[in-house]
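Student: fold the following, please.
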Amino acid sequence: MKSTCYLELILYLVCNNINLKALIMTLDGQDSIMLMYLLSFINIINQENIFIVHFNHQWRKDSKINVNYCCFYSQFIIEDEDLARKWRYKALLNLANNINYNKIYTAHTINDRLETLIYNLCKGTGLDGYISSIAPLSFNKQKINIIRPLFNFYRIEIYWLCRKLYIPLWTDNTNCSYNKSRNKIRNELFPYLRNFINPKLDVEMAKFLSIICYETEYLQLKACFFFKLLLNHKRMAIEKVMFTLLHPSLKRRIIQLLLLKLGVKSFDLSLIDYISSQSNTMNKTLKINDNICFFIGLNWIYVIRNKKPDNITIIM
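Tutor: Here you go, the predicted model:
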């Protein structure tokens, strides 16, 4: 690792984050400690209003002595990793909205990106799930940016920097617990792949991830363009003829955007694929949930709210 990385981080933070209020989400690892250390200098240079938020999941018996003050303390042990993540971001968004902060800093590294990719693929959410996990968030129409200054650095580089700057570290033994899926990926899967498949696994996967992110983002932008083009707000319908001519990937994303616009936040990919496959039919009604149906007409795919037609194809 080059010794100039510390200056690069400082310059990045100074040049891109001037005079903006910011929250720092911290846990107990070395990455969070390094992020706080770096931003302490930014606070001096730019006079930013920096608010440090620490989360205690109660995963360790000694977790209370990590900090003198804990802003968010879970009332019960959250074992599920996805629920813990939702709890953290929900609390951060509420806090940012209440105190009018528009930026949240996290200490995610390249290794976290790779682990998230494998974790999402194993869950079946795919690359779209990964992209959504790193996208900007919004709360009550207020755009809140997620800033990840360490996103292009490896965990070993952060450890080197902590040693170089004599920053004391707290060993988080929950990283060794195999009750967490991410720990299995980090401590079992990746070392195996490095030893028997490719010693430069992290570098090659980071390159692959960068390419995939750009291509996925391009597809999403295309889907947004066609969604605005095909959607008739007065009829609340999608123009059918052009929709059927699109690539299946774009059709799937347009349906996703339509469901999100209708307030359907949780849906199965098989549901979206089924709707896309039925777009060439006529006079067919597809039930999405108890309040929303799609009616496939001659030239339009209509959204029907609070209707209960007799002939409904219920998608299981």
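
Student: from the chain's centroid, how far away is the helix or strand hosting L121?
Tutor: Per DSSP states H and E, L121 falls inside helix 110-123. Between the centre of helix 110-123 and the centre of its chain there are 11 Å (Cα atoms, centre = their mean, to the nearest Å).

Student: what do you get for stretch 197-209?
Tutor: Distance, centroid of stretch 197-209 to centroid of chain: 21 Å (Cα atoms, centre = their mean).

Student: let me see the mean pLDDT of it.
Tutor: Average pLDDT, stretch 197-209: 91.

Student: which segments of the protein make up each domain?
Tutor: 5-109+128-179, 220-314 (automatic domain parsing).

Student: what helices or strands is the helix or strand encompassing R194 leaning on?
Tutor: According to DSSP H and E, R194 maps onto helix 190-196. Contacts defined by 3 or more Cβ pairs under 8 Å, 6 or more residues apart in numbering; DSSP states H and E place helix 190-196 against helix 201-230. For the C-beta atoms, the positions are set from N, CA and C on the backbone; glycine is no exception.

Student: same question for the helix or strand just after the helix it packs on, mean pLDDT?
Tutor: The element immediately downstream of helix 201-230 (helix or strand, assigned by DSSP H and E) is strand 231-232. The average pLDDT for strand 231-232 rounds to 92.

Student: and if you look at stretch 150-167?
Tutor: Mean predicted lDDT for stretch 150-167 stands at 86.

Student: which parts of that stretch are buried?
Tutor: Buried residues in stretch 150-167, defined by neighbour count with 16 or more other Cβ atoms under 10 Å: 150, 152-155, 157-158, 161-162.

Student: isn't K143 up against N102?
Tutor: Yes: K143 is within contact range of N102, at 7.0 Å (criterion: Cβ atoms under 8 Å).

Student: more neighbours: the two, which one.
Tutor: Between K143 and N102, counting by other Cβ atoms under 10 Å, N102 is the more crowded of the two (14 against 9).

Student: neighbours around the nearest residue to that one once chain neighbours are set aside, how many?
Tutor: Distances taken as Cβ to Cβ, 6 or more residues apart in numbering put I144 closest to N102, at 5.7 Å, once the chain neighbours are dropped. Using other Cβ under 10 Å, I144 has 19 other residues around it.

Student: likewise Y101?
Tutor: Neighbour number of Y101 under other Cβ under 10 Å is 19.

Student: R182 too?
Tutor: 14.

Student: which residues does the spatially closest residue to it that is not a sequence neighbour contact?
Tutor: Leaving aside its chain neighbours, R182 sits nearest to E115 (5.4 Å; criterion: Cβ to Cβ, 6+ apart). Residues in contact with E115 (Cβ atoms under 8 Å, 6 or more residues apart in numbering) are 182, 185-186, 190.

Student: so where's the stretch 101-250 of the chain uncertain?
Tutor: Across the stretch 101-250 of the chain, the ranges flagged by pLDDT under 70 are 126-142.

Student: and the strands in the stretch 51-200 of the chain?
Tutor: Under the criterion DSSP state E, counting those that start in this stretch, the stretch 51-200 of the chain contains strands at 72-73, 103-105, 137-139, 142-147.

Student: using PDB, write out every CA atom in the longest one.
Tutor: Pointing back at strand 142-147 there. What follows is strand 142-147 as a C-alpha-only set of coordinates in PDB (Å, rounded to 0.1, in the frame of the first residue of the first chain):
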ATOM      1  CA  GLN A 142     -35.300  14.800   1.300                       C
ATOM      2  CA  LYS A 143     -32.300  13.200  -0.500                       C
ATOM      3  CA  ILE A 144     -29.800  11.800   1.800                       C
ATOM      4  CA  ASN A 145     -26.500  10.800   0.300                       C
ATOM      5  CA  ILE A 146     -24.500   7.800   1.600                       C
ATOM      6  CA  ILE A 147     -20.800   8.700   1.500                       C
END
